[in-house]
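Asker: can't give you the sequence, but here's the structure:
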Ligand SMILES: Cc1cc2nc3c(=O)[nH]c(=O)nc-3n(C[C@H](O)[C@H](O)[C@H](O)COP(=O)(O)OP(=O)(O)OC[C@H]3O[C@@H](n4cnc5c(N)ncnc54)[C@H](O)[C@@H]3O)c2cc1C
């Protein structure tokens, strides 16, 4: 590695170069259940530094076998996407400037924390709406590269829908703008004799030649982060070729994003919340349909385990809320505590309903409640809470958003093991699907919380395990196999938003078949012929390699 460090210094690299054990140790984990010790951590100061990194890596690769570059922003990736065994490139330390925010778009560097960007955007009355539940922990670069989604995805989809343009450092070490092209612009690009021209030519050839197979491979669910988003690159009818689609969600396996132009929407959101407590899941499918027909702007859920843990670790919320809000939250929870005496609901559903003014919101929420109440026993509902004003619904949003974070830091004897953490099946199958999933969880004696985006059928199942024990590790493969088979039987996706990384990459063939995975690998080879960027992930992941890096140190 010394030769890489020396050459980097000679090149005029302005950022930090650090091989201290403390920093390498810190960067050996993300929010996944894996660990990998990098040899070096670098923090580029600017896009020119990022280009230097790629160029020097090429130059010294023959001397350092297995040299690779893995991007990292806030490191909250749950799939193992942000760790690797060679050089980690930290984008959050310096590439964290908000360049400008307009009425309908914004330019930001990848290392900007979403919470900072969001606060500035809100001052201007605008919003990038497809933020994840980790909105207070993650950066926009991680959101782009995972194709994140969240509570507003039912209305707005995923990050891919909100990326206008990217600045992207290709494998030849050159930063270029990537944006949707007309056919004439594409033809011009494909005539270029450089690396960029080659990438456009080869990707176009791939998606045009196998057009129908690729379009048909698009998962038939409303959210997906697995594979490379090839089906949205080339639209023959509109004559639009958009390479951003395959970069977004690429987990830094194709190159580095150094600048992002987001599309924005109006931040004004006049909505209220109806909370529905469900004790019997038998008619869940029908219940979901009734709510979805009302076109909720958000439709989320969490289970009994999440609720119990949230109440048990309530003081932890202090950190997020501050003392005044905390006291009001505790007071608000008293009715819920009484409700618990009547039995813990198996599922808490949260449906946000929009309206033109507070009176209309109140009336719409109440009328949905009345409609459901009329068939309360049939739907298995044990109670409701109407929260027409934002403040009233806050405690539920906090439980929904922070449950995973609480599990990670609070349950001391066990650790979160995300391996079935992001599955998606169409909501109409949920009534049948959820009890089956619960049976698998029970069979493997996994203590797990289930929370999710009900409107999209996207569920986060997070087992708590002692993964350092061989007996626990042994459960992962068979349990994951059973869950994945069930998800695919219902035509679902193995990941709606958390992406493939080390954990789901090895299952892509099961989900897409050999032919499509062959095309994914071609994409990787076209963009990154020397396998320099984030190796062992997505289509290049193998089960044995991933499992040999299961976390042992906590
Ligand atoms: C408590 C919790 C809740 C979560 N909830 C959600 C959720 O609701 N929805 C959701 O989508 N995800 C969720 N996640 C996963 C994760 O937080 C998000 O995907 C987030 O957007 C990742 O951002 P990050 O800055 O932490 O990225 P990182 O973890 O640093 O990186 C993510 C991936 O992007 C790549 N990358 C980062 N920066 C660049 C760059 N500049 N160029 C190229 N590649 C890059 C990395 O190599 C890695 O593969 C959750 C995670 C936690 C811990």
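Answerer: Yep, it's here. Since the structure is predicted, the reported quantities are computational estimates derived from the model, not experimental observations.
Asker: check contacts around residue 168.
Answerer: 175-178, 247, 255-258 (C-beta atoms under 8 Å, 6 or more residues apart in numbering). To be clear about C-beta, it is placed using only N, CA and C from the backbone, and glycine gets the same treatment.
Asker: should've said residue 233
Answerer: Contacts of residue 233 (C-beta under 8 Å, 6+ apart): 203, 207, 241-243, 245-246.
Asker: just the pLDDT at residue 426, thanks.
Answerer: Residue 426 carries a pLDDT value of 91.
Asker: now do it against the ligand, distance only.
Answerer: 19 Å (C-beta to the nearest ligand atom, to the nearest Å).
Asker: before we move on, back to that, the ligand: which of the contacts of residue 233 is nearest?
Answerer: Closest approach between the contacts of residue 233 and the ligand, by C-beta to the nearest ligand atom: residue 246, at 12.8 Å.
Asker: secondary structure element holding the closest one?
Answerer: helix 244-247 (DSSP states H and E).
Asker: does the ligand have contacts with that helix?
Answerer: No - using C-beta under 6 Å from any ligand atom, helix 244-247 stays clear of the ligand, coming no nearer than 8.2 Å.
Asker: so what touches that helix?
Answerer: Under the contact criterion C-beta under 8 Å, 6+ apart, helix 244-247 has outside partners 160, 163, 165-166, 168, 178-180, 203, 228-230, 232-233, 254-255, 257, 523.
Asker: mind listing which of those residues are in strands?
Answerer: Among the contacts of helix 244-247, the ones falling in strands (DSSP state E) are 163, 165-166, 168, 178, 257.
Asker: any chance of CSV for the contacts of residue 233, columns neighbour count and pLDDT?
Answerer: Shown next, in CSV, are the contacts of residue 233 (neighbours: other C-beta atoms under 10 Å; pLDDT from 0 to 100):
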residue, neighbour count, pLDDT
203, 22, 98
207, 22, 98
241, 24, 98
242, 21, 98
243, 24, 98
245, 23, 98
246, 24, 98
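Asker: which among these gets closest to residue 497?
Answerer: Residue 497 has its nearest neighbour among those in residue 245, at 15.8 Å by C-beta to C-beta.
Asker: and the closest residue in space to residue 234 that isn't next to it in sequence, what does it touch?
Answerer: Nearest non-adjacent residue to residue 234, counting by C-beta to C-beta, 6 or more residues apart in numbering: residue 207, 4.3 Å away. Each residue near residue 207 by C-beta under 8 Å, 6+ apart is listed here: 214, 230, 233-234.
Asker: please apply the same query to residue 78.
Answerer: 30-32, 418, 421-422, 498, 501.
Asker: now do the SS call for the residue in the stretch 201-350 of the chain that the ligand sits nearest to.
Answerer: The minimum distance from the stretch 201-350 of the chain to the ligand, using C-beta to the nearest ligand atom, falls at residue 252 (2.6 Å). Assigned by DSSP: H, G, I helix; E, B strand; the rest coil, the conformation of residue 252 is coil.
Asker: quick one: the contacts of residue 207 as TSV, columns for distance to the ligand and pLDDT too.
Answerer: Output for the contacts of residue 207, formatted as TSV (distance: C-beta to the nearest ligand atom, whole Å; pLDDT from 0 to 100):
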residue	distance to the ligand	pLDDT
214	23	98
230	18	98
233	18	98
234	22	98
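Asker: kindly report the residues of the stretch 151-300 of the chain close to the ligand.
Answerer: Counting by C-beta under 6 Å from any ligand atom, the stretch 151-300 of the chain sits next to the ligand at 251-252, 256-257.
Asker: ok, of the residues you listed, which one's closest to residue 528?
Answerer: Proximity of those to residue 528 (C-beta to C-beta) peaks at residue 252, which lies at 10.1 Å.
Asker: one step back: spatially nearest residue to the residue of the stretch 201-350 of the chain closest to the ligand (excluding sequence neighbours)?
Answerer: Closest residue in space to residue 252, ignoring its immediate chain neighbours: residue 71 at 3.7 Å, by C-beta to C-beta, 6+ apart.
Asker: these two touch, right, the one you found and residue 253?
Answerer: No - Residue 71 lies out of contact with residue 253 (C-beta atoms under 8 Å); the separation is 9.4 Å.
Asker: which one's more surrounded, these two?
Answerer: More neighbours surround residue 253 than the other of residue 71 and residue 253, with 31 against 26 (other C-beta atoms under 10 Å).
Asker: so residue 498 sits right up against residue 420, yeah?
Answerer: No - look at residue 498 against residue 420 with C-beta under 8 Å: they stay out of range, at 10.7 Å.
Asker: if we can go back for a sec, going through the residues of the stretch 151-300 of the chain next to the ligand, which ones are buried?
Answerer: Neighbour counting with 16 or more other C-beta atoms under 10 Å marks 251-252, 256-257 as buried within those.
Asker: next up, the contacts around residue 242.
Answerer: By C-beta under 8 Å, 6+ apart, the contact set of residue 242 is 179-181, 232-235.
Asker: what's the closest of these to residue 262?
Answerer: Set against residue 262, the nearest of the contacts of residue 242 by C-beta to C-beta is residue 179 (12.8 Å).
Asker: chain neighbours aside, what residue packs nearest to the closest one?
Answerer: In space, residue 179 is closest to residue 165, 4.2 Å off (C-beta to C-beta, 6+ apart).
Asker: now for that neighbour: which residues touch it?
Answerer: Taking C-beta under 8 Å, 6+ apart as the criterion, residue 165 is in contact with 177-179, 244, 260-261.
Asker: buried members of those into PyMOL, please.
Answerer: Typed into PyMOL, the line below selects the buried ones among the contacts of residue 165, using 16+ other C-beta under 10 Å:
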select buried, resi 178+244+260+261
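Asker: turn the contacts of residue 165 into a markdown table, including pLDDT.
Answerer: Converted to a markdown table, the contacts of residue 165 look like this (pLDDT from 0 to 100):
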| residue | pLDDT |
| --- | --- |
| 177 | 98 |
| 178 | 98 |
| 179 | 98 |
| 244 | 98 |
| 260 | 98 |
| 261 | 98 |
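Asker: circling back: partners of the residue nearest to residue 179 in the sheet?
Answerer: residue 261 (DSSP bridges).
Asker: cool, and residue 126?
Answerer: residue 266.
Asker: count the neighbours of it for me.
Answerer: 23.
Asker: before we move on, the earlier item: intersection of neighbour lists for residue 71 and residue 253?
Answerer: 533-534.
Asker: check which helix or strand covers whichever residue of the stretch 101-250 of the chain sits closest to the ligand.
Answerer: Residue nearest to the ligand within the stretch 101-250 of the chain (C-beta to the nearest ligand atom): residue 142, separated by 1.9 Å. Using DSSP H and E, residue 142 maps to helix 140-146.
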